[in-house]
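*Asks:* Sequence first, then the predicted structure, then my questions.
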Amino acid sequence: MPNQPPAPMPPLFTWEFAADPYPAYAWLREHAPVHRTTLPSGVDAWLVTRYADARQALADSRLSKNPAHHSEQAHRTGRVGIPGERQADLMTHLLNIDPPDHTRLRRLVSKAFTPRRVAEFEPRVQRLTDRLIDTFAARGSADLIHEFAFPLPIYAICDLLGVPAEDQDDFRDWAGMMIRHGGGPRGGVARAVKKMRAYLLELIHRKRGGELGEDLISGLIRASDHGEHLTENEAAAMAFILLFAGFETTVNLIGNGVFALLNHPEQRARLQASVAAGETGLLTTAVEELLRYDGPVELATWRFATSPLSIGGVDIPVGDPVLVVLAAADRDPARFDQPDTMDLARRDNPHLGFGHGIHYCIGAPLARLEGQRALATLLTRLPDLRLAAEPGELRWRGGLIMRGLRELPVSFTP
Ligand code: HEM
């Protein structure tokens with residue numbers, strides 16, 4: 001109808017928004033695609049919601065990842081949202097630094113964290129997946145977040161890093177503290193980060209002293225580039241970010257993914273049949289579609305304008321934080337056909353779920369492997385898996401960056 005006023009902007013950061021942020025993001029994409037807002041923490045930031053703008057911003061070298069570039073006003077108000085900030089040396093990791101340091105560290109870790117190493121890891125991921133399902137398969141019910149999605153990536157990354165089996169439950173506890181309390185350098189998170197740091201430094205020291213193996217930490221210690229090595233602190237920060245960036249993300253890929261499948265019975269049945277027939281094609285596109293449709297990372301991590309720039313025609317002042325809303329970009333009708341429809345067989349799917357540009361997810365091959373093994377094994381071993389709650393009753397974790405369920409109660413025939 002002509003002259004009809006636009007619908008008012010839906011509120012951001014409420015509980016309803018956490019359960020389903022997509023209508024609000026659709027509104028922003030259409031009416032205010034580069035939008036300055038006050039976050040729940042009190043910090044002002046720009047939200048970028050269109051696909052083309054998001055891609056451009058993720059690759060723009062004028063947007064720094066270094067929190068020191070955040071304007072003073074924000075520093076005075078206290079928080080830029082980075083957990084455990086006081087553990088400064090662990091925080092000097094890939095997601096908080098720019099070239100040339102980023103280039104050097106990323107090159108070194110790429111030498112150790114190779115696609116081949118990940119591919120060789122597949123049988124271990126499969127064993128781990130089966131072992132976790134064994135713990136609840138006879139019961140007929142489970143909370144798939146706590147009993148499956150949460151431990152799987154922790155144990156997988158511990159194995160990959162070379163954390164001895166007897167220490168892995170400590171890691172599980174520390175990671176649990178970090179995920180439960182979300183961002184913020186206070187209390188449990190800071191303690192957990194501190195313990196993890198001490199442990200990692202000690203482990204690196206021990207391995208360096210003669211216990212080098214085939215694991216990733218040994219690879220990090222060995223990696224050299226033009227004679228340059230990682231220092232012990234750099235190796236500890238690298239191990240920490242691999243764990244931190246690879247943990248809650250993968251929990252959410254499995255949690256959001258299973259939830260989406262249970263809400264789309266026809267497509268789930270098709271995937272189940274395809275997996276049972278031993279095919280991998282649909283499983284591969286399905287994981288990509290789940291990353292696009294309801295991905296684990298709702299907003300890319302903080303970026304700060306270091307010189308004046310314009311995004312989508314909007315001028316961003318120096319020092320302002322920019323948050324690229326991956327969840328909004330990945331539902332942009334200007335790029336995706338029927339973006340609000342989940343289509344496990346979608347082919348044209350250049351989603352931003354793993355980011356874009358120099359900070360593109362280094363763990364993407366491992367995440368895909370874990371996601372594919374987790375979903376395929378659940379569908380095969382628990383073929384009548386069903387939700388044991390109304391979808392609307394489930395609670396979502398309220399953090400800013402990640403999107404994931406607090407719990408996912410399911411039942412099945414034992
Ligand atoms: C970076 C997503 C799993 C390690 C990123 C970024 C995204 C992302 C969006 C870029 C953030 C930005 O530019 O602000 C995901 C998703 C995952 C996943 C959706 C699971 C489904 C993993 C795993 C690991 C990992 C398993 C490692 C074991 C990293 C690291 C970075 C990163 C180290 C920083 C790279 C850099 O700054 O150069 N991830 N990730 N991620 N991810 Fe992942």
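*Replies:* Arrived safely.
*Asks:* Tell me the helix or strand right after the helix ranked longest in the chain.
*Replies:* Looking across the chain with DSSP state H, the single longest helix is helix 232-262. As assigned by DSSP states H and E, the chain's next helix or strand after helix 232-262 is helix 265-276.
*Asks:* per-residue confidence averaged over the next helix or strand after that next one?
*Replies:* Going down the chain from helix 265-276, the next helix or strand is helix 281-293, by DSSP H and E. The average pLDDT within helix 281-293 is 98.
*Asks:* what's the answer for stretch 205-213, then?
*Replies:* Stretch 205-213 carries an average pLDDT of 86.
*Asks:* Same check on stretch 398-408?
*Replies:* Rounded mean pLDDT across stretch 398-408 is 92.
*Asks:* Could you give me the buried positions within that stretch?
*Replies:* 399-405, 408 (16 or more other Cβ atoms under 10 Å). (Glycine included, C-beta is placed from N, CA and C.)
*Asks:* Any idea how far that stretch is from the middle of the chain?
*Replies:* 11 Å (Cα atoms, centre = their mean, to the nearest Å).
*Asks:* Alpha carbons only: can I get that stretch in CSV?
*Replies:* Taking Å, rounded to 0.1, in the frame of the first residue of the first chain, the C-alpha atoms of stretch 398-408 are listed here in CSV:
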residue,chain,number,x,y,z
GLY,A,398,22.1,-14.6,25.8
GLY,A,399,25.7,-13.7,24.7
LEU,A,400,26.4,-11.1,22.1
ILE,A,401,28.7,-12.9,19.7
MET,A,402,27.5,-16.5,19.8
ARG,A,403,24.1,-18.0,19.1
GLY,A,404,23.3,-21.3,20.8
LEU,A,405,20.9,-23.2,23.0
ARG,A,406,21.3,-23.7,26.8
GLU,A,407,19.8,-27.1,26.6
LEU,A,408,18.4,-29.5,24.0
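*Asks:* Could you list the low-pLDDT ranges of this structure?
*Replies:* Counting by pLDDT under 70, the ranges of the chain that qualify are 1-3, 72-88, 180-187, 225.
*Asks:* Now the residue of the stretch 251-400 of the chain found nearest the ligand. Its backbone dihedrals?
*Replies:* Nearest residue of the stretch 251-400 of the chain to the ligand: residue 363, at 2.0 Å (Cβ to the nearest ligand atom). When read as degrees, to the nearest 10, the backbone of residue 363 gives phi -90, psi 10.
*Asks:* for residue 318, same thing?
*Replies:* Torsion angles, degrees, to the nearest 10, at residue 318: phi -60, psi 140.
*Asks:* That one contacts residue 70, correct?
*Replies:* No - here residue 318 lies out of contact with residue 70, judged by Cβ atoms under 8 Å, at a distance of 10.6 Å.
*Asks:* who has more neighbours, those two?
*Replies:* A count of neighbours by other Cβ atoms under 10 Å puts residue 70 above the other of residue 318 and residue 70, at 23 against 13.
*Asks:* what's the spacing between the residue of the stretch 251-400 of the chain closest to the ligand and residue 174?
*Replies:* Using Cβ to Cβ, to the nearest Å, one obtains 19 Å as the distance from residue 363 to residue 174.
*Asks:* Repeat that for residue 37.
*Replies:* From residue 37 across to residue 174, the span is 33 Å (Cβ to Cβ).
*Asks:* more crowded one of the two?
*Replies:* Neighbour count, other Cβ under 10 Å: between residue 37 and residue 174, residue 174 has more, with 22 against 15.
*Asks:* anything in the helix or strand containing that one near the ligand?
*Replies:* Using DSSP H and E, residue 174 sits in helix 168-181. No - Helix 168-181 lies apart from the ligand when judged by Cβ under 6 Å from any ligand atom; the minimum separation is 12.4 Å.
*Asks:* Pull out the buried residues from the helix or strand just after that helix.
*Replies:* Next in sequence after helix 168-181, counting helices and strands by DSSP H and E, comes helix 187-208. Neighbour-count burial for helix 187-208, counted by 16+ other Cβ under 10 Å, picks out 189-190, 192-193, 196-197, 199-201, 203-204, 207.
*Asks:* Please apply the same query to stretch 369-386.
*Replies:* 369-379, 382, 385.
*Asks:* Name the residues that touch it?
*Replies:* By Cβ atoms under 8 Å, 6 or more residues apart in numbering, the surrounding residues in contact with stretch 369-386 are 118-119, 121-122, 125-126, 129-130, 133, 137, 144, 148-149, 152-153, 156, 250, 253-254, 257-258, 261-262, 268, 271-272, 275-276, 280, 283-284, 286-287, 290-291, 410-413.
*Asks:* One more: stretch 201-208?
*Replies:* With contact meaning Cβ under 8 Å, 6+ apart, stretch 201-208 is reached by 162-163, 213, 217-218, 221, 232-233, 235-236, 239.
*Asks:* Find the nearest non-adjacent residue to the residue of the stretch 201-350 of the chain found nearest the ligand, please.
*Replies:* The stretch 201-350 of the chain approaches the ligand most closely through residue 246 (2.8 Å), counting by Cβ to the nearest ligand atom. By the measure of Cβ to Cβ, 6 or more residues apart in numbering, the closest residue to residue 246 outside its immediate chain neighbours is residue 363, 4.6 Å from it.
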